[in-house]
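Novice: show me the folded form of this:
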Amino acid sequence: MHEKNIIIKTEDGNLDCKIFLNGNNSVPPIIFYMDAPAIREELRQMCRTISKKGYHVILPNLFYRVGTENHYPFNQNTYKSSKKELDKMIATMNNTTNSMIINDTKYILEYISNNLNNKKIGIVGYCMSGRFVVSCGAAYANKISAIASFYGVDIFTDKMDSPHLIANKIKGEVYLAFAEKDVWVPSEVLKKIKDYFSKINNKVIIDIYKGTNHGFAFPNRNTYDKGAANKHWIKLLDLFERNLKK
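Specialist: Prediction:
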């Protein structure tokens, strides 16, 4: 596996990405959408895990408009203990709109088309990026064959750009995984998601991870659950295997 930093030019600036290249050039590409704490070694390790299973993985810095690793508007090291820094992080997350990421993804897909095998593409998002992967899966339905979201937030809202409103356009398989106890996705919202997505024609799997809290798949999070994290890897890699390789 080979890693390198790349810059993808967008209409809003230079989108910095890390790309993890599998030794086999013909493997499918994956776009890994970060969570709100942003780019860090924990995410890079997860990308390496995916790449070693037979994929190229692109990790874009979705906050490139306002900063880069260790230079974001919030402190990545103290947001867990400082309400002030947490509020800054949430503001950065909320200011990053679905339309921004849909537009950014257009340029990422162009990069894939010009540089990688792009017959079948998979995407995965965590937390903040649940709304992004559903939105992008719909916006680029002819290109994205597998969509995974883990404890994704704001997938179903009352806003005009709520991802669920365009989810019926998705053609690929969708896997939506949620924590059983999640302040970011309360039970009433989860019920709306289950009711709505169960009526969509495309293939959707909704999975509730019993006994877990938001962030269960991240090893450095205090809510990390080893059993749930292992299940998450099995489900994610199975999704990619059956939709991108077969």
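Novice: tell me where the longest helix sits in the protein.
Specialist: The single longest helix within the chain, with elements called by DSSP state H, is helix 98-115.
Novice: look up the closest residue to A229, ignoring the ones flanking it.
Specialist: Setting aside the residues directly before and after it, A229 is nearest to A217 in space (CB to CB, 6 or more residues apart in numbering), at 4.7 Å. All C-beta spots, glycine's among them, are computed from the backbone N, C-alpha and C.
Novice: give me every residue that touches A228.
Specialist: 209, 211-212, 216-217 (CB atoms under 8 Å, 6 or more residues apart in numbering).
Novice: same question, M34
Specialist: 43, 59-62, 126, 128-129.
Novice: for L244, same thing?
Specialist: Residues in contact with L244 (CB under 8 Å, 6+ apart) are 28, 55, 120-122, 145-146.
Novice: just the buried residues out of these, in PyMOL syntax.
Specialist: The following PyMOL line selects those of those that are buried, judged by 16 or more other CB atoms under 10 Å:
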select buried, resi 28+55+120+121+122+145+146
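Novice: can you name the two of the contacts of L244 that are farthest apart?
Specialist: Using CB to CB, the contacts of L244 span at most 12.5 Å, a distance reached by Y55 and S145.
Novice: got any residues that touch both of these two?
Specialist: Contacts common to Y55 and S145, judged by CB under 8 Å, 6+ apart, are 122, 244.
Novice: list the buried residues of the longest helix of the chain.
Specialist: 98, 101-102, 104-105, 107-109, 111-112.
Novice: in TSV: those, plus pLDDT and distance to Y151.
Specialist: Formatted as TSV, the buried residues of helix 98-115 follow (pLDDT from 0 to 100; distance: CB to CB, whole Å):
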residue	pLDDT	distance to Y151
N98	98	18
I101	98	18
I102	98	21
D104	98	22
T105	98	21
Y107	98	27
I108	98	23
L109	97	25
Y111	97	28
I112	96	26
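Novice: pick the one among the residues you listed closest to H164.
Specialist: Out of the buried residues of helix 98-115, the member with the shortest distance to H164 (by CB to CB) is N98, at 11.4 Å.
Novice: since that was my last question, I'll sign off now.
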